[in-house]
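# Fold the stuff below for me.
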Amino acid sequence: MTTRTWITATPPTPNGDLHVGHLAGPYVAADVLSRFLRADGEEVRLTTGLDDHQGYVAVRGLRDGDRKPEEIADGYGDSIVRAWREAAIGFDHITRPRTDPGYREFVQDFFQKLYDAGHIVARTRPLPHCAPCDRWLYEGYLVGECPLCGSATNGNACEPCGRPNECGDVLNPRCVVCGTRAELHDVERFYLPLAPFAERLAAFWAEVDMPPHLRALCERMLADGLPDIAVSHPADWGVPVPVAGFESQRIFVWFEMAPGYLWEYAPSGAALPDSGPVQFFGFDNGYFHAVLFPALFLAYDAGIPLPRAFVVNEFYQLDGLKFSTSRRHAVWAHEALAETGPDVLRYHVLSDRPNGRQTSFGLPALARSRQHLATLWDGWLDRLLTAVAQDCGGRVPQETPSGPAWERLHGRLTRIVDELREAYGVPGFDPRRAIALLDEVVACAADFGHVHAHERDRPTGGPAHRAALRGQLAVAAGLSAWAAPALPTAAGRLAALLGVPADRPVHASALVPPPAGREISPATGPLFSG
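You can find the predicted model right below:
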């Protein structure tokens, strides 16, 4: 059976634990879209992998006292997978490049096919070399200034401007390991000229859904002339180049990621879906996803469906500086999750998602999000459930909500859910907006509850009071469906407490109370802030 929607989240580099910046970027957001579409009845495959063969992995091993890169990749890889699970991120497949049987051969076959077709060519060009370390410098081994924007950069790509470099053009190149200024020496390695794909890439960019910042990067690269991209390095870490005479070189890890994405979807060779994936990644990975990978797919097989949407986040900062695994400037995901649980952390990073601009994380802000959920969300639900226990014998009232106030609330919630569906869906995907709309749902219900609690003080207000409680139970039932893509664990607890299904679509039809007379037990702890 063909999967209708394929969602990818860019593989992280296992040179350290997963941090909160990672969660705020591709991973929680991709899970939100996946859960929303599944609840709607779509067939979804959510995939990712681990970027085992990044030079940054080997550099981390050297910095940690000559630990083997295999040990770094496997240890941190296991930790990252656990953090995804603890954050309630439900991947259908996670590629482990070092251990997946057949993965290396698949990548090498992909490279070989492009070489045989003439898309990959040998070029002799300068590459930095560190004499004291006797090592060629590329990716995380190299530091200097970007030849295009002047910012501090590593080899192969500049994070601030998003443009590629070929390492030999980096200004003031130095070795990351020992700090020595690098020497330039000519090396023959493989390159992929992008210029032959210019027209087809431009046509693809005209169709794919992507944000203006990424579109500007693509158009600037096209206007400047698409460069040749180095796709191999003299190194001993990574997938060996399969071409005779180049066995001592390794395939550039960002080249490797293109066949890696195909492997994620169909490791057993199953057919790809008819439509291209929705891809989640950070802007610093934008050139690879929007320029390099589509060119590689076009060269490999023009029938491969190219992505239909790019969902791109900007940098998430920590105390004003970019989260960085390699520099250990981070709040680690497993620590934050142990402190708050998955739903509070998901709520916070979604509400603060760096969408179109950089945002900054801080532990005090996370604590404020937890307090907000405790006060607004759990405060309303606690008052509601306490009233049901005290005034209705712990059972759903028989009285049906009615009257102008209920009609206004019902209409307002119906309109909010329409907007919520837009914020959760592919064309208008906006988790910040989704969280704001969920807050509005709860605020409206809480206000309704405060106003109508006074019905109990009227001599004849008992029925109206119980009807208002049943109306609020309907909102709570709706919330258990509407919040589920963003806050799945807490929404599941609420659904179980109310006795309603946990996998309903985000739709106004969920605004129905549990059956009259059903017993509703008080919550044993915080539903959303715990």
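
# Now the phi/psi pair for the nearest residue to G150 once chain neighbours are set aside, please.
In this structure, G150 finds its nearest non-sequential neighbour in L171, 7.7 Å apart by CB to CB, 6 or more residues apart in numbering. In short, each C-beta sits where N, CA and C put it, glycine included. For L171, the backbone dihedrals are phi -80, psi 140 (criterion: degrees, to the nearest 10).

# E43: neighbour count?
When neighbours are counted by other CB atoms under 10 Å, E43 registers 13.

# need the helix or strand of the protein with the lowest average pLDDT.
strand 321-322 (a mean of 80; mean pLDDT, DSSP states H and E).

# got a list of what the residue nearest to G150 touches?
Residues touching L171, when contacts are defined by CB atoms under 8 Å, 6 or more residues apart in numbering, comprise 144-147, 150.

# Equivalent analysis for H372, please.
Not one residue lies near H372 by CB under 8 Å, 6+ apart.

# what's the answer for the one 10 residues further on, then?
With contacts defined as CB under 8 Å, 6+ apart, D382 is in contact with A523.

# which of the residues in the one helix or strand it maps to are buried?
Secondary structure here is read from DSSP states H and E; on that basis D382 sits in helix 378-391. Buried positions in helix 378-391, judged by neighbour count with 16 or more other CB atoms under 10 Å: 378-381, 384-385, 387-388.

# Stretch 408-428 now?
Quick answer for stretch 408-428 (16+ other CB under 10 Å): 409-410, 413, 416-417, 419-421, 423-424.

# tally of neighbours for R518?
By the other CB under 10 Å criterion, the neighbourhood of R518 contains 14 residues.

# Would you mind confirming that it makes contact with G499?
Yes - R518 is within contact range of G499, at 5.8 Å (criterion: CB atoms under 8 Å).

# Thought G238 was touching Q108, still the case?
No - between Q108 and G238 no contact is recorded; they are 11.2 Å apart, counting by CB under 8 Å.

# Wait, a helix at F281?
No - under DSSP: H, G, I helix; E, B strand; the rest coil, F281 sits outside any helix and is assigned strand.

# now the closest residue to it other than its chain neighbours: how far from L50?
In space, F281 comes closest to T10 once its chain neighbours are excluded; the distance is 3.9 Å by CB to CB, 6+ apart. The spacing between T10 and L50, counted by CB to CB, to the nearest Å, is 11 Å.

# picking up where we left off before, so which of the buried residues of stretch 408-428 sit within helices?
Among the buried residues of stretch 408-428, DSSP state H puts 409-410, 413, 416-417, 419-421, 423-424 in helices.

# Confirm for me that R181 is in contact with N172.
Yes - counting by CB under 8 Å, R181 touches N172, with 7.4 Å between them.

# hang on, the earlier thing: sort out which one of the ones in helices among the buried residues of stretch 408-428 lies nearest I120 for me.
Minimum separation from I120 among these (CB to CB) is found for Y424, which lies at 40.8 Å.

# Which helix or which strand is home to the nearest residue in space to the closest one that is not next to it in sequence?
Of all residues beyond its chain neighbours, the one nearest Y424 is F36 (4.1 Å), with distances taken as CB to CB, 6+ apart. With secondary structure defined by DSSP H and E, F36 is part of helix 28-39.

# can you pull the buried residues of that helix?
By neighbour count, and taking 16+ other CB under 10 Å as the criterion, the buried residues in helix 28-39 are 28-39.

# chain center to that helix, what's the gap?
The gap between where helix 28-39 is centred and where its chain is centred comes out at 10 Å by CA atoms, centre = their mean, to the nearest Å.
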